[in-house]
Each structure stands twice: as structure tokens, then as C-alpha cells.
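K.L.:
just a sequence and a predicted model for now, questions to come.
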Amino acid sequence: MPSPVLPVPLGGRFVRLEPLEAAHRPGLLAAGSDARIWSWMPLPAGGMDAYLDAAFAAAQPDSHVPFVVTRAGDGSILGMTRLFDIRPNDAGLEIGHTWYTPDVWAGPINAEAKRLLLAYAFDDCGYERVQLKTDLRNARSQAAIAKLGARREGVLRRHMRLNDGYLRSTVMFSILREEWPAVRAGLDARLNAFSL
């Protein structure tokens, strides 16, 4: 059995992942204020406050672990990500609910945040499978997940109803434990190309 997935801080050169706390709310409200973030993940009726309320309500070790993504240099809040759908008996979990303020898109932030989460899941907790999923319409997210080194598994048609009522089809990706060393090497090479 894998070790428990706990809300622990994870740090790298570019980002620090901090377990979600009430003190993060003002910074998250500011970071999440750009409508472009929510093109493929519509906010609930109550907006960003309702989104954060749901994240706090879901937070539970070894079940749903939300992280705030902060800049390593100055601690500014850049977005959020989560480990969830944690299934210790199956040794599988999911990375998702990920969003960033648009000014850090296409830089090292997402790559390092995913690298930290994957290392925590595989190396520290002993998981066998990490999955990621995105809206079939979201080509940018699909490209980013594929660039991580995850394998596309297929499409779940009309898989989930979004907050705006749309019944989306979902593209599933995964990384298995035996694939992790190559994925890690690829992420490390990408990150080494960025300077602080």
C-alpha cells in the first residue's frame, strides 16, 4: 500500500506548493481574476469565492489535497493545483484542478509544479499511476499534458457536466511508475533550460 498523501509543502527552483490555507484566499482571488483562466473550467454560480469554498470543503488528507502554487522567489500566488481521486487500494491518484494566472503560462511554472507533484506521488508516497484529464476542446491543455510526458489514453465521451451546464468530453492521460524516470528526466531537462 502507498504511504498517505498529506498536505505537505513541496519546493523547487521556480515554485513552492503550499497546502491550501485560509490566509491564501485574498491572493487566490486576485490571481484567479482573469476570465481567460476559466475558459475550460467554468466557475460555479458563486464565482471564485464558491470555487475556493468547495476546495476547502473537499480538502482531506489521502483523499483530496489542494495546493497553492507560489513563486519561489517572492511567495506571490500564481494559481492552484490538487492531488485528488486518491485511491490507495488501487495505488492511483489524479493531478488536476490546475490553473495559473496567464502571465506565467508557457514558462517553467507548470512543468515544475507537475514535477514536484509527480515526485511526491511516485517517490515519496509509492503510487503506481498518476492520471490527468482535460476538456477535449482544450487543445492548449492537452499539449501541455503531453509535453509533460504523459500518455494519452483516450476520450471519455460526454463524461462530465460543467458548472455552466455543458456536458464535456474528457481526454485522459496517465503516467505509470515505470515511465516516471523518463518523464522526470524530460522535465528536468526542460527546467534546466530556464534561468531564475
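P.N.:
That came through, no problem.
K.L.:
drop to CA atoms for contacts and neighbour counts, all remaining ones
P.N.:
Will do.
K.L.:
quick one: the strands in this structure?
P.N.:
With DSSP state E as the criterion, the chain has strands at 10-11, 15-19, 65-71, 77-87, 92-100, 129-135, 151-161, 167-176.
K.L.:
among the ones you listed, which is nearest residue 189?
P.N.:
For the strands of the chain, proximity to residue 189 was assessed by C-alpha to C-alpha; strand 15-19 is nearest, at 16.5 Å.
K.L.:
for that closest one, list every residue counted as buried.
P.N.:
Under the neighbour-count criterion of 16 or more other C-alpha atoms under 10 Å, strand 15-19 has 15-19 buried.
K.L.:
which residues does the lowest-mean-pLDDT helix or strand in the chain contact?
P.N.:
Across the helices and strands of the chain, mean confidence by mean pLDDT, DSSP states H and E is lowest for helix 139-148: a mean of 93. By C-alpha atoms under 8 Å, 6 or more residues apart in numbering, the surrounding residues in contact with helix 139-148 are 111, 114, 132, 134, 136, 152, 171, 173, 183, 186-187.
K.L.:
just stretch 68-87 next, same as before
P.N.:
So stretch 68-87 is contacted by 5, 11-20, 24, 27-28, 31-32, 62-67, 92-101, 104, 113, 117 (C-alpha under 8 Å, 6+ apart).
K.L.:
same question, stretch 120-137
P.N.:
Everything outside stretch 120-137 that qualifies as a contact, by C-alpha under 8 Å, 6+ apart, is 1-5, 40, 88, 91-96, 118, 141-142, 145, 155, 168-177, 180.
K.L.:
that one: end-to-end distance?
P.N.:
Using C-alpha to C-alpha, to the nearest Å, the end-to-end distance of stretch 120-137 comes out at 30 Å.
K.L.:
the chain should start at 569 in everything you say after this.
P.N.:
With the count now opening at 569, the last piece we talked about shows up as stretch 688-705.
K.L.:
so how far is that stretch off the chain centroid?
P.N.:
Stretch 688-705 has its C-alpha centroid displaced from the chain centroid by 9 Å (C-alpha atoms, centre = their mean, to the nearest Å).
K.L.:
just stretch 629-646 next, same as before
P.N.:
Centroid separation for stretch 629-646 versus its chain: 10 Å, with C-alpha atoms, centre = their mean.
K.L.:
in it, which residues are buried?
P.N.:
Buried residues in stretch 629-646 (16+ other C-alpha under 10 Å): 629-640, 645-646.
K.L.:
having no further points to raise, I will conclude here.
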